[in-house]
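Peer 1: How does the following fold in three dimensions:
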Amino acid sequence: MLLAIQILLGVLFAGTGVGLVVDVAKNRMDKIKDATGKQWASAFAVGIIANFLDTLGCGSYAPSTFMYKLFNQIDDIDIPGTLNVGDTFPVIFEAFIFTTSVNCDPMFLIIMFVCAAVGSFGFASIVTKWPRNKIRIALGTVMIPLAVVMLCKNTGVGPFGLVGTLTGLTGWKLIVAAVLNILWGALMDIGFGLYAPCMATCLLLGVDAQACFPVFMGSCACLMPACSIEFIKTKRYDVPHTIGNALGGCIGVFIAWKLVTGLPMFWLINLICVVLLWTSYTLLSAAKKDAKAGVA
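Peer 2: Numbering: from 1, shown residues only. Sure thing, here's the model as predicted:
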């Protein structure tokens, strides 16, 4: 069963890579030629830093969106597609690492992976039709509860601090986890990271904290190729930053996997919560400003 999961991850990695390369070669080469050195530097910096943090379990969407706003090198309307298409490759790399090194029930993993992919694929065709301000409002709004969940989990407040011992779920607990993973997969399409809510769900239902890593990383690894099909088809992704996420992100994952032995994670996660709230403020402010000016 574990071998089947690894083969699936390899197929998803190759399939998304072929789809991206073909689309760029046929339709988006002008974006490669017109990209400035500043854009490429921003793209690779975001890819490396965000996916370094991602491998540690902090998630990459929040820091990526913060850096996109900070560097101002990408259109807000392309943020969801860039995150989902570009981060597909480092996240699959992460999932491969953690499914081979962490003990977790393979059947539980497969069910959670499929549910996340179903939610993401079903919602992607809707998100790609949204105007810029609607994406800003959606991103800005969902970042607030995500920051709250991460902060509660980090400080052990409420159910998010519970310590479980299970490596898989069955019965009603599995049904609850599966249904919620469909929702978390759908919300990934607007840039609402799955890591924190999926981990909180698993912890609440009694899953061991370490066993949560292959669950949420593998869920993302399966759902991101599913929604990437729609983002690539509709050209709703930034080419340089997608490539930066794909290549730089894998470098960030490798560095975190091989070199990091210990970081002050408590303060790092608290900092990311602050970043989430600040990014939410900037997105909502931009949406409000454009709305007043009559810009969609």
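
Peer 1: so for the helix or strand containing Lys134, what's the average pLDDT?
Peer 2: Per DSSP states H and E: Lys134 is located in helix 132-155. For helix 132-155, mean pLDDT is 78.

Peer 1: Stretch 209-229 now?
Peer 2: 86.

Peer 1: Could you check that stretch and say which residues are buried?
Peer 2: Of all the residues in stretch 209-229, those buried under the rule 16 or more other CB atoms under 10 Å are 211-229. In this view, the C-beta of every residue, glycine as well, is placed from N, C-alpha and C.

Peer 1: Check the offset of that stretch from the chain's centre.
Peer 2: Offset of stretch 209-229 from its chain centre (CA atoms, centre = their mean, to the nearest Å): 8 Å.

Peer 1: Which elements pack onto the helix holding Lys134?
Peer 2: helix 61-71, helix 79-86, helix 195-204, helix 265-292 (3 or more CB pairs under 8 Å, 6 or more residues apart in numbering; DSSP states H and E).

Peer 1: OK, contacts around Ala178?
Peer 2: By CB atoms under 8 Å, 6 or more residues apart in numbering, the contact set of Ala178 is Ile111, Met112, Cys115.

Peer 1: Setting aside sequence neighbours, what's the nearest residue to the first one?
Peer 2: If you skip the residues right next to it in sequence, Ile111 has Ala178 as its closest partner in space, 5.5 Å away by CB to CB, 6 or more residues apart in numbering.

Peer 1: how far away is that neighbour from Phe216?
Peer 2: 14 Å (CB to CB, to the nearest Å).

Peer 1: ditto for His241
Peer 2: Distance, His241 to Phe216, using CB to CB: 23 Å.

Peer 1: quick revisit: quick check: of the contacts of Ala178, which has the highest neighbour count?
Peer 2: Compared across the contacts of Ala178, Met112 has the highest neighbour count, 31 neighbours, by other CB atoms under 10 Å.
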